[in-house]
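# build me a structure from this.
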Amino acid sequence: MSIIEKYLEKFISSIDFLFKQIQSSGLSETLEKIPVEIFDLNFHFNIKVINGEIKEEFNLSITQEISKLSKNHPTVVGFSIIGTEKIWLEVFEGNKSLMAEIIEGKLKISNIRANWLKITLLSNLLANLISIKLLKI
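Numbers count the residues shown, from 1 in each chain. From the prediction side, this is the model:
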């Protein structure tokens with residue numbers, strides 16, 4: 001198992017933990033009242049990690065019910081984020097933000113315009129999880 005895969009598994013388990021905390025606090029009913037067209041909390045995307053000639057591909061599905069990570073399965077609908085292992089480590093270790101790497105052109109995203117809000121939310125979520133030490137491995 002690669003270090004990136006460990007970070008992604010920790011990311012998925014941290015999101016599940018947060019959703020359980022939201023449900024136990026009673027906020028889930030409030031979130032359910034927001035129309036999906038306005039604020040969709042479901043994410044389906046791919047992460048492609050390039051390490052020289054080797055390329056790992058991960059599929060992530062994040063919903064309020066269940067979040068899951070799979071490896072080397074058919075591409076899921078949504079968008080793909082492509083970058084080198086070094087760039088992904090910078091992001092997961094908190095040295096750079098996902099958004100900074102995207103803006104600098106170090107991470108490539110398919111269908112960026114249609115998914116800008118989700119990408120922004122994903123970047124903020126990652127930054128917050130890192131800052132509260134939930135993504136430590």
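# show me the strands in this structure, by range?
43-51, 54-62, 67-71, 79-84, 108-109 (DSSP state E).
# can you list those strands in a markdown table and add mean neighbour count and mean pLDDT?
Bear in mind the C-beta positions are built from the backbone N, C-alpha and C, glycine included. As requested, the strands of the chain are exported to a markdown table (neighbours: other C-beta atoms under 10 Å; pLDDT from 0 to 100):
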| stretch | mean neighbour count | mean pLDDT |
| --- | --- | --- |
| strand 43-51 | 19 | 91 |
| strand 54-62 | 17 | 90 |
| strand 67-71 | 14 | 90 |
| strand 79-84 | 19 | 95 |
| strand 108-109 | 16 | 96 |
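# quick one: list the elements packing against the helix or strand of the chain with the lowest mean pLDDT.
Sorting the helices and strands of the chain by mean pLDDT, DSSP states H and E puts helix 27-33 at the bottom, at a mean of 73. Applying 3 or more C-beta pairs under 8 Å, 6 or more residues apart in numbering; DSSP states H and E, we find helix 27-33 packed against helix 3-25.
# the helix it packs on packs against which elements?
Using 3+ C-beta pairs under 8 Å, 6+ apart: helix 3-25 touches helix 27-33, strand 43-51, strand 54-62, strand 67-71, helix 85-92, helix 116-131.
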